[in-house]
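[1] here is a sequence with its predicted model. Questions after.
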Amino acid sequence: MADGRLALLVVLHHVLVDGIGGLAVLGRLVDPGPPAPSPSDFPRPRPSYARLLADAVAAKGRALRGLPAAARSLRRATAAGGGLHPPTAAPCSLVRPTSGRSRFAVVRTDLTSLLAAGHRAGGTLNDALLATVAGAPAALLERRGESVETLVLAVLVNARRSGTADELGNAATPLLDSVPTGGTGRERLRRIAGTVRAVRPTADGPSVIAGVGPLFRFLARAGLYRRYIEHQHRLHTLVSDVPGPRDRLAFDGVPIRAIVPVSVGDAGNVTVNFLALSYADVLTVTVVVDPEAVPDLRTVAALLQAELDALVGEPVAR
């Protein structure tokens, strides 16, 4: 990098791992690293076609036996996302056609202080994050001469609390939460404290896309899924919060000073979204915007930083 530091970019497709799984993969890359395989289990012999066929048949059988439970979990996951006919989010310039390009800005805050702020209001770290995240786009809309009473945030909830590098797949389910835009961050926090925790059990199951895999693949190939996300009216913005390592890590003996989450997926008609990742007592929030719809990225980042600083009571070194 320009200042002499090194950056390691780890690219993972969301079809393989979600945020929890991605951190598990990172845990296998950093020091001290996984133990070397013993000669007894590496390399493994190629399985026979009969073995592969038997495994495939057994997997299909397990899937069929699990259909009733999967259907119940899918209904819960759909309900967490607002159901089949959710209320329409208030129209505003946050939801509009996008260019498919992305720009990023990073803000940081002290993790312990933000957690304490959430607890003081009877809520959680997620509640404190949502209260501040809602404040930034609300202030942006106010500068544009717009006003909405409530912002609908889609919070990505992971059905598993921890994962390993051997557990592939995506278990993230969007949970819709309405956050009032009026008042200070502390006032918003008191109003929404406990809301995510109360409805989180409804999202403890397979993701909606995973639950309807064949149907989703058909819709994607037909172009219907893209059409839907380009014209959706369920939400204003998306928030992903992944708990990262509390202890400092190193890669090949070099200390890792920071971990920055980045997403380059298709945002549909959502012009701004937020990715949060904690590491070594610092919460890093990456603001992702479409540069044509939100040309004032630095303004959004500054508004979010001000919201975080006001809630925790003191700024963190940039």
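    Noted; the coordinates are in hand.

[2] need the contact list for residue 182.
    149, 188 (C-beta atoms under 8 Å, 6 or more residues apart in numbering). C-beta here means a position set from N, CA and C on the backbone, and glycine is covered the same way.

[3] revised request: answer the last question for residue 26.
    Residue 26 sits in contact with 10, 249, 259, where contact means C-beta under 8 Å, 6+ apart.

[4] do that again at 7 Å, thanks
    Residues counted as contacts of residue 26 (C-beta atoms under 7 Å, 6 or more residues apart in numbering) are residue 10.

[5] same deal with residue 308?
    Applying C-beta under 7 Å, 6+ apart, the residues near residue 308 are 107, 109, 132.

[6] relative to residue 133, how far out is the second one?
    Pointing back at residue 109 there. Remark: distance between residue 109 and residue 133 (C-beta to C-beta, to the nearest Å) = 12 Å.

[7] same question, the first one
    Look at residue 107 and residue 133: by C-beta to C-beta, they are 10 Å apart.

[8] what touches both of those two?
    Common neighbours of residue 107 and residue 133, counting by C-beta under 7 Å, 6+ apart, are residue 304.

[9] ok, these two, which is more surrounded?
    Legend: neighbour count by other C-beta atoms under 10 Å for residue 107 and residue 133, higher for residue 133 (29 against 25).

[10] so what does the more buried one have for phi and psi?
    phi -60, psi -40 (degrees, to the nearest 10).

[11] so which residues of the stretch 151-300 of the chain form strands?
    For the stretch 151-300 of the chain, the strands defined by DSSP state E, counting those that start in this stretch cover 172-180, 237-242, 250-251, 254-255, 272-279, 282-289.

[12] in stretch 297-307, which residues are buried?
    For stretch 297-307, a neighbour-count test (16 or more other C-beta atoms under 10 Å) marks 297, 300, 301, 302, 303, 304, 305, 306, 307 as buried.

[13] show me what contacts the first one?
    Same thing as residue 297. So residue 297 contacts 103, 105, 287, 289 (C-beta under 7 Å, 6+ apart).

[14] would you turn those residues into JSON lines with pLDDT, neighbour count and distance to residue 93?
    Compiled in JSON lines, these are given as follows (pLDDT from 0 to 100; neighbours: other C-beta atoms under 10 Å; distance: C-beta to C-beta, whole Å):
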{"residue": "103", "pLDDT": "96", "neighbour count": "14", "distance to residue 93": "17"}
{"residue": "105", "pLDDT": "97", "neighbour count": "17", "distance to residue 93": "19"}
{"residue": "287", "pLDDT": "97", "neighbour count": "25", "distance to residue 93": "16"}
{"residue": "289", "pLDDT": "96", "neighbour count": "24", "distance to residue 93": "12"}
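
[15] nearest to residue 215, of the strands of the stretch 151-300 of the chain?
    Of all those, it is strand 172-180 that lies closest to residue 215, at 16.3 Å by C-beta to C-beta.

[16] mean confidence for the closest one?
    Averaged over strand 172-180, pLDDT sits at 84.

[17] can you tell me the closest non-neighbouring residue to the residue most central in space within the chain?
    The chain has residue 240 as the residue nearest its centroid, 2.3 Å off, counting by C-alpha atoms, centre = their mean. Nearest residue to residue 240 in three dimensions, chain neighbours excluded: residue 156, at 4.4 Å (C-beta to C-beta, 6 or more residues apart in numbering).
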